[in-house]
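Chemist: Turn this into a structure:
(chains A, B, C and D)
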Amino acid sequence: MLNKVLDSFDAAVADIPNGAVVMIGNFAGPGGTPYYLIHALARQGARDLTIVANTAGGVGLTLDYDDHRLLFQNRQVRKVIASFPFSTSASRPSIAEKQILANEVELEIVPQGTLSERIRAGGAGIAAFYTPTGAGTVIESGKERRVFDGRPHLLELALKADFALIRAYKADTFGNLVYRGTARQFNPVMAAAAAVTIAEVDHIVDPGELDPDAVVTPGIFVKRIVQVKEDPGFPRHPERTFQVRGQHQGKEA
Amino acid sequence: MLNKVLDSFDAAVADIPNGAVVMIGNFAGPGGTPYYLIHALARQGARDLTIVANTAGGVGLTLDYDDHRLLFQNRQVRKVIASFPFSTSASRPSIAEKQILANEVELEIVPQGTLSERIRAGGAGIAAFYTPTGAGTVIESGKERRVFDGRPHLLELALKADFALIRAYKADTFGNLVYRGTARQFNPVMAAAAAVTIAEVDHIVDPGELDPDAVVTPGIFVKRIVQVKEDPGFPRHPERTFQVRGQHQGKEA
Amino acid sequence: MKERLSREAIAMRIARELFDGAVVNLGIGIPTLVSSFVPEGMTVIYHSENGMLGFGPVVPAEDMKELADIDLVNASGQYVQPKPGMCFFHHADSFGIIRGGHVDISVLGVIEVTDHGDLANWMFPGRGVGNIGGGMDLAFNAKKVIGATEHTTKDGKPKIVKQCCVPLTSPGCVDLIVTDISVIEVTPYGLLLKEYAPGWSVEDIQALTEPELAVAKDLKEIELV
Amino acid sequence: MKERLSREAIAMRIARELFDGAVVNLGIGIPTLVSSFVPEGMTVIYHSENGMLGFGPVVPAEDMKELADIDLVNASGQYVQPKPGMCFFHHADSFGIIRGGHVDISVLGVIEVTDHGDLANWMFPGRGVGNIGGGMDLAFNAKKVIGATEHTTKDGKPKIVKQCCVPLTSPGCVDLIVTDISVIEVTPYGLLLKEYAPGWSVEDIQALTEPELAVAKDLKEIELV
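Modeler: As a prediction, the model looks like this:
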């Protein structure tokens, strides 16, 4: 019988080989970032990795914490494909930034919408697509330009990975996933685009415990599930819902 | 203040002009088909319509009922873009089928995955994409072929519409939508691909009554909402959830 | 006495190709019957084009009044039952699953199939029209495509041919052909006869098959369970 | 006495461009401040790149301990509050909303902007590196792009220029420039000065602006509310 639940983060990443392409869910802080899987991969030590993620780690938005900057610190990364690879603070450059500027790590910088769409295309069997974003900018370099409806577009290729490390809120044992708030971000598209998707989750429940109309990632995309059993200490109230009722107020925001 | 809720299906479709491109949620039976909006459009009488839908109506799967075959019956359709345009029964050809074979209605037949992806592309600002589906078949005719990773692909163009008639389960007054089971089908992608999306729903609730993690169609895609107030008499138990618990049985299916 | 297998027996043989955890899409006709023959204890996850994975059995005729629901149908429009662990998604995501190669096995009906694995199954030859539906995406993109068919047409003509006369669903897509008299693998070198129905000889089968059949070293009688 | 408007006043002026039901994305910096000045009774729906529409205000510093949640942040990583009618979706859907033209107004910071509406705002000139992030998709695809900026750099050089020196975010994307001394529309014929800060003359503003400014017939002092 199918069994996707593993006990340890280390076991879950043990077979990631040198040279693997690894996608990592990540956006502006720890929400939706597979913190424990990243630490396990840092311990595991695979080298020459290509990392596909929104940032290259350690960009310094809001919280300073050990995200996939650890992999750069350990010199495990050969190439990074990201939209936001540099620190937001000139005075505190990230580790990846130094390595990129020293030509120790190769950078492919991609507009965020194109990055998420290339990953979505990888999962959905679309080889390539035309987007208007980037035409007439440095992003156009080396790409095919083509006009549709009078507007220039660029041809962008699908992105796939050997492994995806993702973070979700609840999984059932089949691998069906739901997310919490903005922690969803890149995780569902990465789940579909990797040969082996590994999910770090708050809760593992029996099939039938998730509302089938509300499942975001179908279980078939998820090969391994590991439950978080300690508190990493980030500001978070996972027991709370974001569903709030009451008078809508136009003013606030 | 925003007000998207209308009292009548007739009012909701009143401004659909002759020659409009209209997407209609539809798949294998009445589930997810905007039955009352279709009837209202039939009464309204707009002509020379281009209909984008999975079928051309009246294909005879399971239930025989008045879907958008009404629009063909009324001779309101100039062209149909569909994946499953013909009746499943040779002895009971559909109205659209007769009109297509008599060259009274133009047919663009599209593989179902390409149809849904073209609509998704229309909503998501992707001008065109390469899919393997159809290369080396009649579908290739007139299309650009290109090889990616050694495999031939076809260039397919985005589809957009002037109006989308869709069916959902619950809407809040902002237009956020959730669906019920397989009644979801094409509706969410069509919602995003039309200039004016009109949703026929079972229930209208206040903002905050839908779980924001479970909303499928963001309200910004929906311009008009009309609640169904009568029972069309289809086999249906809308008060039931499809969430079932209990021992998983490998045998059944 | 050369008996042909029933449609159920063809489905039973195809069920032996399934495996634990397999994501399976069953087309209309014989393919639909396959789900009745999944071995005890094996988890097979059914995919339906209209945006559903992991659903339960078709609603039996006697429970129709109580259980039929237009919001829970398979791609053939049949009413099905909910099952723990199922999930729903929209049509574009559903075909993303197919096109992205996430369907392990697609079982499709056959009008004609060639020794190159070319499949034709969408155009109704008598009517000059056809429904492409979701079959073309499945034929092109499923990891393994199994053609389920009677070996010959009603008037005895081969359905396994050198070249399709009706428009293709997909060139070179079929991996395995299971008929009422044989199991044939489509290899890069042509067709390989692997199993025969009880009482049928290689020559009998070849006589009803247009392209040449190579014979597997381990040729054997079809085992249904 | 030629006072320049505060960052808050720039934001206040931009808020007057919003309308009931508008889908609005606010970039980092001055743009973020715009949300504080939405007129009473107007429903503005904020979009955040990380997959959120209709969220509430940023968590105030004094409530941080009680309300901050890493699973509810805006695209700048700020903790925000939930609000009735909000919804979440994944990153590809989020940029489908942007690329599909469903964002009515994008308010972006400016490093340089030209009379053709070319915008440069992603490459940090001093560092030789930059983050493209989601700004390029917004600049290319929002229905209306508003540049929010001081009129000149810290050392007094024009930020409204004939040609950008740093890499472009998007050519020809900016529709309206709101600075600390002016409101300028980008038209197909060049820049049109529409409003001036109190005490500033057309000549004063032109002197700090590289391309030539045409002057609107109804030129007026900037109205903030």
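Chemist: and the helix ranked longest in chain A, how far from the chain's centre?
Modeler: What stands out as the longest helix in chain A, according to DSSP state H, is helix A:112-124. Centroid separation for helix A:112-124 versus its chain: 11 Å, with CA atoms, centre = their mean, to the nearest Å.
Chemist: helix, strand or coil for the residue in chain C sticking out farthest from the centre?
Modeler: Relative to the centre of chain C, the most outlying C-alpha is that of C:E66, 30.5 Å out, by CA atoms, centre = their mean. With DSSP: H, G, I helix; E, B strand; the rest coil as the basis, C:E66 sits in helix.
Chemist: Other residues contacting stretch C:169-176?
Modeler: Residues outside stretch C:169-176 that contact it (CB atoms under 8 Å, 6 or more residues apart in numbering or on different chains): B:135-137, C:17, C:108, C:110, C:113, C:116-122, C:132, C:135-136, C:139-140, C:144-147, C:183-186. Every residue, glycine included, has its C-beta placed from N, CA and C.
Chemist: Just the ones of the residues you listed in strands?
Modeler: Judged by DSSP state E, strands contain the following of those: C:L108, C:V113, C:L119, C:A120, C:K144, C:V145, C:I146, C:G147, C:V183, C:I184, C:E185, C:V186.
Chemist: quick one: which of these has the most company?
Modeler: C:G147 (31 neighbours; other CB atoms under 10 Å in any protein chain shown).
Chemist: how much space between it and C:I105?
Modeler: According to CB to CB, to the nearest Å, C:G147 stands 12 Å off from C:I105.
Chemist: Same question for A:I38.
Modeler: Distance check for A:I38 against C:I105: by CB to CB, it reads 35 Å.
Chemist: which of these two has more neighbours?
Modeler: More crowded of A:I38 and C:I105, by other CB under 10 Å: A:I38, with 27 against 24.
Chemist: Quick one: mean pLDDT over stretch A:94-107.
Modeler: Stretch A:94-107 shows a mean pLDDT of 95.
Chemist: Please read off the pLDDT at residue 161 from the model.
Modeler: The chain I'm using is chain A. Looking at A:A161, its pLDDT is 98.
Chemist: you looked at the wrong chain, it should be chain C
Modeler: pLDDT, C:V161: 98.
Chemist: Quick one: low-confidence residue ranges for the chain.
Modeler: No chain specified, so I'll use chain A. By pLDDT under 70, the low-scoring segments of chain A are A:1, A:247-253.
Chemist: meant chain C, my bad for not saying
Modeler: In chain C, residues with pLDDT under 70: C:1.
Chemist: Which stretches in it count as helices?
Modeler: Ranges of helices within chain C are C:7-15, C:30-33, C:64-67, C:91-99, C:135-141, C:202-207, based on DSSP H.
Chemist: What is the fifth one packed up against?
Modeler: Same thing as helix C:135-141. Applying 3 or more CB pairs under 8 Å, 6 or more residues apart in numbering or on different chains; DSSP states H and E, we find helix C:135-141 packed against helix B:112-124, helix C:91-99, strand C:105-109.
Chemist: And the fourth one, by the same measure?
Modeler: If contacts are counted by 3+ CB pairs under 8 Å, 6+ apart, helix C:91-99 sits against helix A:112-124, helix B:112-124, strand C:45-48, helix C:135-141.
Chemist: between those, which one is nearest to C:F88?
Modeler: Among the helices and strands packed on helix C:91-99, the nearest to C:F88 by CB to CB is strand C:45-48 (9.7 Å).
Chemist: Buried residues, the closest one. List them.
Modeler: Using 16 or more other CB atoms under 10 Å in any protein chain shown as the test for burial, strand C:45-48 gives C:I45, C:Y46, C:H47, C:S48.
Chemist: what does stretch C:133-151 give?
Modeler: So, applying 16+ other CB under 10 Å, buried residues of stretch C:133-151: C:133-142, C:144-151.
Chemist: And for stretch A:79-89?
Modeler: Applying 16+ other CB under 10 Å to stretch A:79-89 flags A:V80, A:I81, A:A82, A:S83, A:F84, A:P85, A:F86, A:S87, A:T88 as buried.
Chemist: now the angle from the longest helix of chain A to helix C:91-99?
Modeler: What separates the directions of helix A:112-124 and helix C:91-99 is an angle of 50 degrees, with axes from the mean of the first three to the mean of the last three CA atoms, to 10 degrees.
Chemist: helices and strands around helix A:112-124, which ones?
Modeler: Against helix A:112-124 (3+ CB pairs under 8 Å, 6+ apart) you get strand A:128-131, strand A:151-157, helix A:187-193, helix C:91-99, helix D:91-99, helix D:135-141.
Chemist: rerun at 6 Å
Modeler: The elements that helix A:112-124 packs onto, with contact taken as 3 or more CB pairs under 6 Å, 6 or more residues apart in numbering or on different chains; DSSP states H and E, are helix A:187-193, helix D:91-99.
Chemist: out of the ones you listed, nearest to A:L115?
Modeler: helix D:91-99 (8.2 Å).
Chemist: so how far is that closest one from its chain's centroid?
Modeler: Mean C-alpha position of helix D:91-99 versus that of the full chain (CA atoms, centre = their mean) differs by 19 Å.
Chemist: Identify all contacting residues around it.
Modeler: If you take CB atoms under 6 Å, 6 or more residues apart in numbering or on different chains as the criterion, helix D:91-99 is touched by A:113, A:116-117, A:120, A:185-186, A:189, B:124-125, D:49, D:51, D:137-138, D:141.
Chemist: ok, those residues vs chain C, which is closest?
Modeler: Among these, A:R120 lies closest to chain C (CB to the nearest CB), at 7.7 Å.
Chemist: Now do the contacts for that closest one.
Modeler: The contact partners of A:R120, taken as CB under 6 Å, 6+ apart, are A:V189, D:A92.
Chemist: Next one: it from B:F72, what distance?
Modeler: A:R120 is 35 Å from B:F72, by CB to CB.
Chemist: and what of A:A11?
Modeler: A:A11 sits 59 Å away from B:F72, taking CB to CB as the criterion.
Chemist: And for C:S201?
Modeler: Using CB to CB, C:S201 is found at 53 Å from B:F72.
Chemist: orientation of the longest helix of chain A relative to strand A:151-157 in degrees?
Modeler: Calculated by the same axes, to 10 degrees, helix A:112-124 forms an angle of 50 degrees with strand A:151-157.
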